[in-house]
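> One predicted model, sequence on top.
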Amino acid sequence: MIPGRRKATQPVFFLLLILAILFLPSALKDRLKHLSAGALRPVLVLSRGVTGSLMSVRKIPRALKEQRDFSRLSEANRQLVVRLKELGSENERLRKLLAFRDQISWLGKPVVAARVIGRTPAGWRRTLVLDKGTKDGIKSGMPVMSSGSLLGMISGCGARTSEVRLVTHPEFRVGALLEESRQTGLVYGSAAGECRMKYLSVDADVEPEESVQTAGFSPGFPKGIPIGKIAEIWKEPGRVYKVAHVKLFADLDRIEEVLCVSMD
């Protein structure tokens, strides 16, 4: 067939096909409709799936952004909860510290509140570093207290910081008194990081749990500051006195704020 003639007959062919379909019986028309629908169903299903997939792909960046935003929000909320708990704990400690300051008003001396900002790893139970110094009224020799009891004394001062020698420091010394038996002795720190009391009479009737307090005959330390309780007492060989292990009232490993007592 000649190519030009083929192109000319194509519209006629499609016109006759359309007329034939229009004049088909209704039953045959319905049959053809169902057949065409069945043949096209996979194509339609596939096209809907592809369309849905493309829409899902377009949503991925937005979903990832929402996930990142949610993660940041969750982390911010977690940090806020932690901070609120810390502020609550700090507020409670400061409340107790203020109450303790009122309790020691009998000393008749001003006090300076300070925060613990450091320790030396080699002397964890020997020294503390405070955030107050000479410009805040801190002086060497001042008693340092917390939780209603003695912690130690100021051993060195800078303009804005100071150092506390704890009662467990080997060089710490203070005269002490047993509350019930009225025995006096010397409270000191040991090389093992313990607090002890010596020069107790061998005839003294001292029992565990008896309270220990400052005796008032050491310079800078008024009488009656609580220190701890007798945990154990013994006589060392070759000595004419007894020695006791003193369990401190204060937890030296958990001190965060202190009061420095001015004795001027």
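Right, received. Where do you want to start?
> how about low-confidence regions in the stretch 51-200 of the chain?
Applying pLDDT under 70 to the stretch 51-200 of the chain flags residues 51-60, 63, 76-77, 80, 82-109, 122-124.
> Could you pull out the helices in it for me?
Read by DSSP state H, counting those that start in this stretch, the stretch 51-200 of the chain holds no helices at all.
> Now the closest residue to residue 227 other than its chain neighbours: which helix or strand?
Distances taken as CB to CB, 6 or more residues apart in numbering put residue 212 closest to residue 227, at 4.6 Å, once the chain neighbours are dropped. In this view, the C-beta of every residue, glycine as well, is placed from N, C-alpha and C. For residue 212, the host element (DSSP states H and E) is strand 211-214.
> coming back round to it: wait, what's in contact with the residue nearest to residue 227?
176-179, 187, 197, 226-230, 246 (CB atoms under 8 Å, 6 or more residues apart in numbering).
> between those, which has the most around it?
The most crowded member of these, judged by other CB atoms under 10 Å, is residue 176 (31 neighbours).
> For that one, name its beta-bridge partners.
For residue 176, the beta-bridge assignment (DSSP bridges) gives partners residue 185, residue 214.
> can you list the domains in the chain?
For the chain, automatic domain parsing gives the domain ranges 1-79, 108-264.
> among these, which is the most enclosed?
domain 108-264 (a mean of 17; mean count of other CB atoms under 10 Å).
> The stretch 151-264 of the chain: strands as residue ranges?
162-166, 173-178, 184-189, 195-201, 211-214, 226-235, 241-248, 257-261 (DSSP state E, counting those that start in this stretch).
> could I get those as a markdown table with distance to residue 81?
Formatted as a markdown table, the strands of the stretch 151-264 of the chain follow (distance: least, CB to CB, whole Å):
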| stretch | distance to residue 81 |
| --- | --- |
| strand 162-166 | 33 |
| strand 173-178 | 43 |
| strand 184-189 | 40 |
| strand 195-201 | 38 |
| strand 211-214 | 40 |
| strand 226-235 | 36 |
| strand 241-248 | 33 |
| strand 257-261 | 23 |
